[in-house]
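# Generate a structure from the sequence data that follows.
(2 chains)
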Amino acid sequence: MALARWLTNKDGRAAALMARVQVNRVWQHLFGVGQVSTADNFGYQGAKPTHPDLLDWFAVEYIDNGWRLKPLLKRIMSSTVYRQASRPRDSSSRDRRAGRSSPREIDPGSRFPSRMPVRRLSSEVVRDAMLACSGQIDRQIGGPSINTDARPDGRVVVTEEDQPTPTSPWRRSVYVLSRRRWFPTIMSVFDQPNMDDHCTRRESSTIVHQALTMLNDQFVMECADGFARRVLREAGSKIEDQIVLAFRIALARRPTTSELQSSKQLLARQAERFRKAGAGVDEVDQKSLACVCHVLYNTSEFLYVD
Amino acid sequence: MESSPQYLPSRRRWLRDAGLGIGSLALTSLLQNEGLFARETARFDLRSKTPHGGARAKSVILMMQNGAPSQMDLFDPKPELTKRDGQVYSEKVETFQEGSEQNTLLATPFRFRKYGQCGMDFSEPLPYMASLADQWCMVRSMHTDHNNHTEAMVIFTTGKFLLGRPTVGAWITYALGTENQNLPAYIVLRDPNGYSTNGTQLWHNGWLPALYRGTEFRSAGVPVLNLQSAIAQPKGVQQDNLRLLAELNRRYVVRHPDELELEARIVNYEVAARMQLAAGDVLDVSRESKATHTLYGLDNEVTAGYGMRCLLARRLIESGVRFVQIHPPAKPVNNPWDSHKNSKEDIEKIAPQEDLPSAGLVRDLKQRGLLDETIVIWAGEFGRLPVSQHSKGRDHNRNAFTILLAGGGFKAGFTYGATDEFGYRSVENRVSIADFHATLLHQLGLDHQVLAYEHLGRDERLTDPEVTDARVVREVLG
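Here you go, the predicted model:
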C-alpha cells in the first residue's frame, strides 16, 4: 500500500516517471513503437523520447484524469495522428516548388509519425481473427481457461475434448492456458512471448514457420473451411457475391476488379480439381471457396493493420 | 551472404576495460544512446555472420543424455569406492529422492579398462564410444546448481535455473546465423515417441526473437511441422493458391513500399517451398551406403531409432545447419539415464541403444573431414551419488559429473579435471555450466562477454559473467 501511495503521489517524482512510462506503453501499444522506443528503460540508459513535451503533456493529463486509461486511449485514438493513413506521403507540388523534402524522405520509418505505421497482428489476435472470420468464435467473457494438448507430431493445440461447452475450443486466445513446457503452435510462431519472464515489448518476427503454419496447419485449414461455409450461408449462390463477401469479412474492403477476376479464376480451377477428385456438388462449392478464404488468411493485408 | 553483427559490449565491461571512472559516465550514456538507436533499427535475420574472431568450429551437435549418466559407472573409475563397498560414507550426501538413507557406498558393477593410445577410462556398457577414446575430450569435473532433471536441464541448456531464458542453440543461431537458408538454422531431433519432462523448453528462444527457436525435425514422415498440408488436397491446389496469394501480396507491397517486413513475408513463402524439397532430401537416407547404415546401427532395432537421429544430424551439419540437438529415447522412460533402481540393469537398458550410433556419428564426421569444424557434445545434466539407493541404484548428484566433447578444436584423447576419491564432488579443475558455455562460444569464435542481447534494460549474456565468473577453459583446447 505504501508503495502504491508513493508511486501515485501527484507531487512526487515517482508518479511523474510512472505516468510517463504508462503513457509510453499505451503509445507503443497503439503505434507499434513508443515515443521512448526502449519501453522498459527510461532515462540516461534508454532511448530519447521522440516528442518529450507531448509525452509529458499526456502524463500530466493521465494523472489529472485519476490514472484512468480510457480517457487516455480516447484522446490518442481520436487524434489526427492516430487517424492518419498508413500509405507513405510523397511530396506535394507545393513542397516541391518550395524545395522541401517529403514526409517520406524525412521520416521513412514513421517514427514521428508522419503516417500510421503498419503493424502485424499479435499472436493471439492472428488466431482470434481467423476464428472471427469463420464465424465460429465464442466471445464468452471470463470463466475457466481452455486447456492445450501436445500432440506426438509436435503440434500444441487447443484440446477439443473435456471442454466446458462444445464451442469452448473457439474461445478467444486470451483464455488459452499458458503452460511452461508447451507453447501453442499457432501463437508461438507469431511471437507469443514465453510467459516465464516479463515482456514489455513483443518482437514481430517474420519467419518461414509463419508461412508454413498459415499454409498447412490443421487449425488454419479448418478455420478456412468454416469461413467458406459461413460465406455460402450469408452470400447466396452467386460466386461473385461470395468472393466480395469473403474479401469484406477478411480485409474489410471489396476486391478490385482484377482481384475479383483472379479469385473467380482460382475458384473455377480448384472446383475442377475437387470435382475430378470425386467430391460431391456441395462439397466442390465449399472446398473451392475455402481455397479463396485460405488465401485471404495468408495475405499480408489480413495479418497487418494499416 | 555475410553481414556484420551488431553486438554491443556491456556497459560494465566497457567501463572496466577502458578503466574509466564515474566522470566518464555521461560519455558512456551518450554512446549507449547511439547504440540503442542502432539496435532499434537493426533487423534480425538468419544470414551467416562473421564471429568475433578465432573460430575453430562453425557448427555444433549436442547429444543430450537426459537422466544423468552415472560418472562412476561409466567414465570415472573409483577404486576406493569399490574397496569400501557397503561401508557407511563419512559425509551425509545431498539426496533428491528417498532410498539413500543408509548412506552406504556402492561399488560399480562394471569393470573399467583403459582405451586408445591416450589410455582413457571407459567401463563395459560403452564399448563403441570407448573405441574412439583418442577422439574424445573427457571432462570429469563438471558441476551444476540443481539436482533434479527438469531444473538441471534448463540450467544445462540456458545457463541458469530461471525459466524463460534462451537456450545455447538460440544464442549461437542469433550470433552466427546459418549457412543454408532452405533449412532451419537450429534443429532438434527428438524421439518421435515423446518429450522429456521439459517439453519444448529445451530449445526455446526465451526473449530472443522467435527466429532463433529450435525447430523439431522428425525422423520419419513429414520432417518439419506443417511442411505439408495437414488435410490432404488434390495435387496442384496449393500451387494455385500461392499464385493468387502472390498477386494479393504484391499489391499490398506496392501500397506500402517502405515496410521491409512485407517483402520478407513474400520471400518466406518461397523459402517454405524450397524447405519442402530440402528437408525431404535430408530425410531420404536411401542413398547412404550399406556401410553407413551399419555404422549408425540402422539395421538393428535396438539402435535404429537413435541411430537415425545421429545420421540425420550428420546430414544436417553437412547441409550447413548451425546447431543440431539430439535427444535420447523418451520411451519407456523419458529420462533414460536415470538409474535409481539398479545401476547395472538401468544402464544396460539405455547404453546399447546409444553407444554404437554415438560413436558412429563421431567416426563418420571424422572420415568426412567434418569433425574439425563441428563440436560434438555428449552430456547429461548432472551425475550420480557414490552411495546406494534402494540397495543397487544411485540418486541424483549435482556436485560432479562427466561430459564428453569431440572435434571443434578440443584436445583429443584428453581427460580433464577430477572428482574426490568416491566421485561425489568435482575437486580438481572444476568446470561449471557457465564455463562450459563460455568455452563452447569461444570455439565458435564468440566472446561470451561480448555476445549480448538487451532485455528489460540489461545486456543479457548466455554466461552472465559478472554473476557466474564464467571463464574459457583453455586447458581443454588444442
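# What is the neighbour count of B:A273?
The tally of other residues near B:A273 (other CB atoms under 10 Å in any protein chain shown) stands at 18. Placement of C-beta: from N, CA and C, glycine included.
# Would you double-check that it falls in a helix?
Yes. Counting by DSSP: H, G, I helix; E, B strand; the rest coil, one finds B:A273 located in a helix.
# show me what contacts it?
When contacts are counted by CB atoms under 8 Å, 6 or more residues apart in numbering or on different chains, B:A273 touches B:L242.
# any idea how far whichever residue of the stretch 201-306 of chain A sits closest to chain B is from A:G278?
Closest contact between the stretch 201-306 of chain A and chain B, by CB to the nearest CB, is at A:Q218 (3.6 Å). Spatial separation of A:Q218 from A:G278 under the definition CB to CB, to the nearest Å is 22 Å.
# More neighbours: these two, which one.
With other CB under 10 Å as the criterion, A:Q218 and A:G278 differ in neighbour count, and A:Q218 comes out ahead with 17 against 9.
# Please report phi then psi for that one.
Torsion angles at A:Q218 (phi, psi; degrees, to the nearest 10) stand at phi -60, psi -40.
# in what helix or strand does the residue most central in space within chain B lie?
Using CA atoms, centre = their mean, the residue of chain B that lies closest to the mean C-alpha position is B:L62, 3.6 Å off. Per DSSP states H and E: B:L62 is located in strand B:59-64.
# for the stretch 201-350 of chain B, what spans make up the strands?
If DSSP state E, counting those that start in this stretch is used as the criterion, the strands of the stretch 201-350 of chain B fall at B:215-216, B:323-326.
# got CSV for the ones you listed, with mean pLDDT too?
What follows is the strands of the stretch 201-350 of chain B, written out as CSV (pLDDT from 0 to 100):
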stretch, mean pLDDT
strand B:215-216, 93
strand B:323-326, 98
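# Using JSON lines, lay out the ones you listed together with distance to B:R111.
Compiled in JSON lines, the strands of the stretch 201-350 of chain B are given as follows (distance: least, CB to CB, whole Å):
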{"stretch": "strand B:215-216", "distance to B:R111": "39"}
{"stretch": "strand B:323-326", "distance to B:R111": "28"}
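# among those strands, which is nearest chain A?
For these, distance to chain A was read as CB to the nearest CB. The smallest value, 4.6 Å, belongs to strand B:215-216.
# Pull the number of nearby residues for the residue nearest to A:K10 when sequence neighbours are not counted.
For A:K10, the nearest residue in space outside its immediate sequence neighbours is A:I63; the separation is 6.0 Å by CB to CB, 6 or more residues apart in numbering or on different chains. Counted with other CB under 10 Å, the burial measure for A:I63 works out to 17 neighbours.
# ranges for the helices of the stretch 51-200 of chain B?
Here the stretch 51-200 of chain B has its helices, by DSSP state H, counting those that start in this stretch, at B:71-74, B:79-83, B:127-130, B:149-158, B:168-176.
# give the contact list for the residue nearest to A:K10.
Residues in contact with A:I63 (CB under 8 Å, 6+ apart) are A:10, A:15, A:19.
# Make a markdown table out of those residues and add pLDDT.
Rendered in a markdown table, the data for these read as follows (pLDDT from 0 to 100):
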| residue | pLDDT |
| --- | --- |
| A:K10 | 88 |
| A:A15 | 94 |
| A:A19 | 96 |
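# Closest to chain B out of these?
Scanning those for proximity to chain B, where the rule is CB to the nearest CB, the winner is A:A19, at 18.8 Å.
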